[in-house]
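I would like to see how this sequence folds:
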Amino acid sequence: MKILAIDDQQLILMSLQKRLVEIGYDVKTADSGKVGVELFKSFSPDLVIVDINMPGMSGLDVVKHIRIIEDSNIPIMVMSGNTDEKIIIDGFDLGIDDYMKKPVSLNEVTARVKRIIGNPEKESVAIASTEAQMLQQYCVGVVIPCYNEEDRLSGTEFKEFVHNNLGYHLCFVNDGSTDNTLKVLEELRVGNENKISIYNCEKNGGKAEAVRQGVLHLSKDSQLDYIGYLDADLSTDFRDFDDLVKTIEKSNFKIVSGSRMARMGADITKESARAIISKTINLIIRSILKMPFNDTQCGAKIMDKEIASLVFNKSFITRWLFDVEIFMRMRKHYGKDKVVHLICEQPLKRWIHADGSKLSMSDSVKIVGQLAKIAIHYN
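Residues are numbered from 1 along each chain as shown. From the prediction side, this is the model:
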């Protein structure tokens with residue numbers, strides 16, 4: 001049995017194709033509606049799975065073409081993040097057979113496919129994994145800066161995350177490491193080439209430049225809706241990061257930033273001396289920003305792709321305080337009154353200080369001087 005899958009997001013498309021081929025279906029894919037209708041004629045599929053929100057020829061346009069121009073009654077399934085009731089009803093009025101709302105698990109998708117067209121003639125061995133691999137509503141790129149991280153990189157956690165969350169792409173930036181970090185990253189990427197990429201910097205430029213290069217690299221990927229960054233030691237874990245993504249998906253915020261605020265029900269740990277210094281620095285940062293943010297320096301942030309290009313287009317003037325510079329650039333572009341409504345500071349459920357931090361106590365003292373530099377430059 002033949003299936004044609006049409007979606008402009010390759011992360012979603014390749015994951016769907018892989019699962020359906022493993023089961024035993026013959027699958028062809030198209031990354032646009034125009035290519036999809038051309039393939040429909042030559043491939044003669046038994047089922048079409050199509051996304052709604054595609055640039056140019058939309059999913060509903062594809063359905064109209066198949067039903068009206070081609071005069072075909074072939075089964076059509078829509079798999080989309082569009083939950084607009086009118087769009088869904090329009091789809092059924094045009095003759096679709098099913099409408100799946102993202103996020104949706106691959107297990108559910110395959111069950112619905114089998115219900116509509118049956119099992120493949122030569123069904124492969126059943127998928128052993130019972131894990132719910134999710135097809136997200138949006139595609140997200142995550143920059144993970146790495147400098148001499150060979151002993152702290154948790155390959156298992158990164159692999160498990162991209163395996164179960166199919167709308168994510170992780171971009172590791174090797175910031176001129178002098179140890180075996182690059183080798184560890186290359187090993188981590190094996191088998192995950194479509195979900196993990198490596199941006200290698202020959203010389204160490206500091207975290208600010210590493211994140212900036214990674215963001216600019218991911219900005220070229222048209223399928224990504226949001227871009228964020230996360231520390232390599234996973235002091236903020238993926239569960240909290242995914243919560244940040246869910247917040248920006250359901251809001252009008254341009255940036256959602258994690259906040260390591262100690263509160264009931266949260267597991268937030270810091271070294272006592274570091275905690276005191278952090279509070280002092282945060283007070284200084286608030287006085288410079290003149291905005292009510294409590295924790296600009298948390299290493300977990302997600303932002304609209306448009307904003308990523310806006311604030312990362314020029315090099316930062318500091319190596320460590322680029323988070324403050326991001327907020328200053330936002331304030332300069334939108335104005336202080338508007339920007340406070342575009343940035344959301346979301347408390348984390350968990351944050352653990354990891355041993356081997358690259359920021360020493362002496363560096364913390366230097367930060368005060370860098371903050372003065374920021375204040376002068378941006379004001």
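
does the spatially closest residue to residue 94 that is not a sequence neighbour sit in a helix or strand, and which one?
Nearest in space to residue 94, with sequence neighbours left out and distances taken as Cβ to Cβ, 6 or more residues apart in numbering, is residue 63 at 4.8 Å. To be clear about C-beta, it is placed using only N, CA and C from the backbone, and glycine gets the same treatment. Taking DSSP states H and E as the criterion, residue 63 maps to helix 59-64.

for that helix, packing partners?
Identification of packing neighbours for helix 59-64 by 3 or more Cβ pairs under 8 Å, 6 or more residues apart in numbering; DSSP states H and E yields helix 33-43, strand 47-50, strand 76-80, helix 85-94.

Present the ones you listed as a markdown table; the columns should include mean pLDDT, distance to residue 287 and mean neighbour count.
Conversion of the helices and strands packed on helix 59-64 to a markdown table gives the following (pLDDT from 0 to 100; distance: least, Cβ to Cβ, whole Å; neighbours: other Cβ atoms under 10 Å):
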| stretch | mean pLDDT | distance to residue 287 | mean neighbour count |
| --- | --- | --- | --- |
| helix 33-43 | 97 | 52 | 17 |
| strand 47-50 | 98 | 53 | 26 |
| strand 76-80 | 97 | 46 | 23 |
| helix 85-94 | 96 | 48 | 14 |
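
And those: which comes nearest residue 169?
Each of these was scored for nearness to residue 169 using Cβ to Cβ, and the closest is strand 76-80 (19.2 Å).

So what touches that closest one?
Contacting residues not belonging to strand 76-80 are listed as 7, 16, 47-53, 59, 63, 66-67, 91, 95-102, 104, 109, 112-113, 116, 135 [Cβ atoms under 8 Å, 6 or more residues apart in numbering].

neighbours around the nearest residue to residue 177 once chain neighbours are set aside, how many?
In space, residue 177 comes closest to residue 148 once its chain neighbours are excluded; the distance is 5.0 Å by Cβ to Cβ, 6+ apart. Applying other Cβ atoms under 10 Å, we find 17 other residues in the vicinity of residue 148.

For residue 148, grab phi and psi.
In terms of degrees, to the nearest 10, the main-chain angles of residue 148 are phi 50, psi 60.

before we move on, back to that, let me know which of the helices and strands packed on helix 59-64 is the nearest to residue 319.
Evaluated over these, closeness to residue 319 peaks at strand 76-80, with 42.5 Å, by Cβ to Cβ.

Which one, of the helices and strands packed on helix 59-64, ends up nearest to residue 203?
helix 33-43 (41.3 Å).

quick one: low-confidence parts of the stretch 151-300 of the chain?
With pLDDT under 70 as the threshold, the stretch 151-300 of the chain has low-confidence stretches at 262-280.

picking that back up, my read is that the residue nearest to residue 94 contacts residue 92, right?
No. Contact criterion Cβ atoms under 8 Å: residue 63 and residue 92 do not qualify, at 10.0 Å.

which residues pair with the residue positioned nearest the centre of the chain across the strands?
What sits nearest the mean C-alpha location of the chain, by Cα atoms, centre = their mean, is residue 140, with 1.9 Å. According to DSSP bridges, residue 168, residue 226 are recorded as the beta-bridge partners of residue 140.

So it is in contact with residue 230, correct?
No. Using Cβ under 8 Å as the test, residue 140 is too far from residue 230 to be in contact (10.8 Å).

what sits against residue 304?
With Cβ under 8 Å, 6+ apart as the criterion, the residues that contact residue 304 are 226, 248, 254, 255.

try 10 Å this time
225, 226, 227, 248, 252, 253, 254, 255, 256, 310, 342 (Cβ atoms under 10 Å, 6 or more residues apart in numbering).

Show me the one of the helices and strands packed on helix 59-64 that comes nearest residue 376.
Among the helices and strands packed on helix 59-64, strand 76-80 comes nearest to residue 376, with 49.0 Å by Cβ to Cβ.

who does that closest one pair up with?
In the sheet, strand 76-80 lines up against strand 47-50 (parallel), strand 98-101 (parallel) (DSSP bridges).

Compare the ones you listed and report which one is nearest to residue 3.
Nearest to residue 3 among the strands paired with strand 76-80 is strand 47-50 (4.8 Å), distances taken as Cβ to Cβ.

Could you identify which of the contacts of residue 304 has the most neighbours?
residue 227 (28 neighbours).

and that one, how far is that from residue 36?
Applying Cβ to Cβ, to the nearest Å, the value for residue 227 to residue 36 is 27 Å.

just residue 177 next, same as before
Applying Cβ to Cβ, the value for residue 177 to residue 36 is 43 Å.

sorry, back to before: among the contacts of residue 304, name the ones in helices.
In helices, judged by DSSP state H, the following of the contacts of residue 304 are found: 248, 310.

can I get the contacts of residue 304 in JSON lines with distance to residue 379?
As requested, the contacts of residue 304 are exported to JSON lines (distance: Cβ to Cβ, whole Å):
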{"residue": "225", "distance to residue 379": "33"}
{"residue": "226", "distance to residue 379": "30"}
{"residue": "227", "distance to residue 379": "27"}
{"residue": "248", "distance to residue 379": "28"}
{"residue": "252", "distance to residue 379": "27"}
{"residue": "253", "distance to residue 379": "25"}
{"residue": "254", "distance to residue 379": "22"}
{"residue": "255", "distance to residue 379": "21"}
{"residue": "256", "distance to residue 379": "26"}
{"residue": "310", "distance to residue 379": "19"}
{"residue": "342", "distance to residue 379": "20"}
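
Tell me the one among the contacts of residue 304 nearest to residue 188.
Nearest to residue 188 out of the contacts of residue 304 is residue 227 (Cβ to Cβ; 20.1 Å).
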